[in-house]
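> dropping a prediction and its sequence here:
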Amino acid sequence: MHWCVNGYKPRQWAVALMALTLMLGGCGSGQGQPGGPNQVPEVATVTIQPQQVELTTELPGRTSPYLVAEIRPQVNGIIKKRLFQEGSDVKAGQLLYQIDPAPFQVALDSAKASLGKAQANLPSIRLRTQRYQELLADKAVSRQDYDDAAAAMGQVQAEIEYWKAQVEAARINLGYTKVTAPISGRIGKSAVTDGALVTAYQPTALATIQQLDPIYVDVSQSSAELLRLKRNLEAGRLAADSKNGRKVCILLEDGNLCPQAGTLQFRDVTVDQATGSFTLRIVVPNPQHLLLPGMFVRASVQEGIAQKATLVPQQGVNRNPKGEPYALIVDDSGKVQMRMLKLNRALGDQWLVSSGLEPGERVIVEGLMKVRPGATVKTVPWEGAKAGAPDTKNAPAKSH
């Protein structure tokens, strides 16, 4: 059965209804929707201003005692008594071990007796020599008798000097039975106990004393970094800090800062052929013995002061597919431009830029995803700049 509406067949009516719906939808699109073609994107920028920055390099190192003394006996004998507490602080000259002095006292007494015997023979031989000399003038004695008397007196005098030396040697050896501390510091464990037999200059130390206040920190720096630093100083990109240039901050193993700042003592003059690095020695006050020998630390060594450093927030720096860093800036006409950068290092949450930006340029920090080079944008100050960036004066950073 066939039917129609106002002269249209059912299929024709459906097609007309669909066309009308599409027309009405097309007319309504774009009304009341944001993002129209005339809207200008808004970005937050920070203005580049040169500033003075103290540049530091963080180097790994280990602590070592300021002074080390290995205690060894200088005579043979039996340890009668140990006179210190292991792990305690000792003073220079403090008695540590007592070696049995009896045989050395006997040797001293024997040498003194022999010296006295030789000295007792000297007066009579001297008088005999003088008498022979007087009689020789009258030819009452032969020349041979006088020569024998003179030789005997010389022999006795030599014996006296010999026994004087023996007395002094015996006195020294007796003194060596008292083993004392050569330096002040903290003494470790004892390798012997009471009653142990020790020998003079034995290879095994009885104990070891280490001076811990102050303490050394030895760090390694590559020779390439030293050459780069010298070039920067010669080119004027860095200026040496005559006041604080030798001050060094020490970072402990747990990441905390050592309360005492160190002082750079010297740079070694020899480069290690295996590692291509040389040693820097730092002296650090250690009154609380917070640093112990052998600890791993990091030292923040000052390179110099950059008088006109260019710093950019890290979120304002992107990289292209080749990995090259760049930043987007807004020129005076309000258009976006790209600047290829050369980065030096990270200082806190900012990049130290070597080249690519000029003072006064506005770098886009927020809104980078909605702009492209050549686009016109509206700029507002970056709120992070108002809050202030972290202090980069003392922020240690590895050089790149």
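Okay, I see it.
> any buried residues in stretch 45-60, and which?
By neighbour count, with 16 or more other C-beta atoms under 10 Å as the criterion, the buried positions of stretch 45-60 are 45-46, 48, 53-59. The C-beta positions use only the backbone N, C-alpha and C, and glycine is treated the same way.
> take the residues you listed and write them to a markdown table, including secondary structure, distance to Ala306 and pLDDT.
Output for the buried residues of stretch 45-60, formatted as a markdown table (DSSP: H, G, I helix; E, B strand; the rest coil; distance: C-beta to C-beta, whole Å; pLDDT from 0 to 100):
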| residue | secondary structure | distance to Ala306 | pLDDT |
| --- | --- | --- | --- |
| Thr45 | strand | 23 | 91 |
| Val46 | strand | 18 | 91 |
| Ile48 | coil | 14 | 89 |
| Val53 | strand | 5 | 82 |
| Glu54 | strand | 8 | 79 |
| Leu55 | strand | 6 | 78 |
| Thr56 | strand | 11 | 78 |
| Thr57 | strand | 13 | 80 |
| Glu58 | strand | 17 | 83 |
| Leu59 | strand | 19 | 86 |
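> so which of those residues would you say is closest to Ser142?
The nearest member of the buried residues of stretch 45-60 to Ser142, counting by C-beta to C-beta, is Leu59 at 87.2 Å.
> contact partners for that closest one?
219-221, 280, 298-299, 301 (C-beta atoms under 8 Å, 6 or more residues apart in numbering).
> one more: Ala149?
The contact partners of Ala149, taken as C-beta under 8 Å, 6+ apart, are 125, 128-129, 132.
> how confident is the prediction for Gly294, by pLDDT?
As predicted, Gly294 sits at a pLDDT of 92.
> can you tell me which residues contact it?
Per C-beta under 8 Å, 6+ apart, neighbours of Gly294: 62-64.
> report the buried residues of stretch 157-176.
Under the neighbour-count criterion of 16+ other C-beta under 10 Å, stretch 157-176 has 159-160, 163, 166-167, 170, 173-174, 176 buried.
> over to the closest residue to Asp272 other than its chain neighbours: give its phi and psi.
Distances taken as C-beta to C-beta, 6 or more residues apart in numbering place Phe278 nearest to Asp272, at 6.7 Å, with adjacent residues excluded. With angles defined as degrees, to the nearest 10, Phe278 sits at phi -130, psi 170.
> picking that back up, from the contacts of Ala149, which land in helices?
Cross-referencing those against helices under DSSP state H gives 125, 128-129, 132.
> may I see the residues you listed organised as a markdown table, with neighbour count, distance to Gln337 and pLDDT added?
Converted to a markdown table, these look like this (neighbours: other C-beta atoms under 10 Å; distance: C-beta to C-beta, whole Å; pLDDT from 0 to 100):
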| residue | neighbour count | distance to Gln337 | pLDDT |
| --- | --- | --- | --- |
| Ile125 | 18 | 112 | 86 |
| Arg128 | 17 | 117 | 85 |
| Thr129 | 18 | 113 | 83 |
| Tyr132 | 19 | 118 | 80 |
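> and which of those is nearest to Ile215?
Out of the ones in helices among the contacts of Ala149, the member with the shortest distance to Ile215 (by C-beta to C-beta) is Ile125, at 63.4 Å.
> any idea how far the residue nearest to Met338 when sequence neighbours are not counted is from Gly175?
Sequence neighbours aside, Pro373 is the residue nearest to Met338 in space, at 4.7 Å (criterion: C-beta to C-beta, 6+ apart). Distance of Pro373 to Gly175, given as C-beta to C-beta, to the nearest Å: 86 Å.
> still on that earlier bit, closest to Asp89 among the buried residues of stretch 45-60?
Leu59 (30.7 Å).
> now that closest one, nearest residue through space, not along the chain?
In space, Leu59 is closest to Val219, 4.2 Å off (C-beta to C-beta, 6+ apart).
> circling back to that earlier point, quick check: the residue nearest to Asp272 touching Phe266?
No. Between Phe278 and Phe266 there is no contact under C-beta atoms under 8 Å: 10.6 Å.
> of these two, which one has the most company?
Using other C-beta atoms under 10 Å, the more surrounded residue of Phe278 and Phe266 is Phe278, with 17 against 10.
> good, wrapping up.
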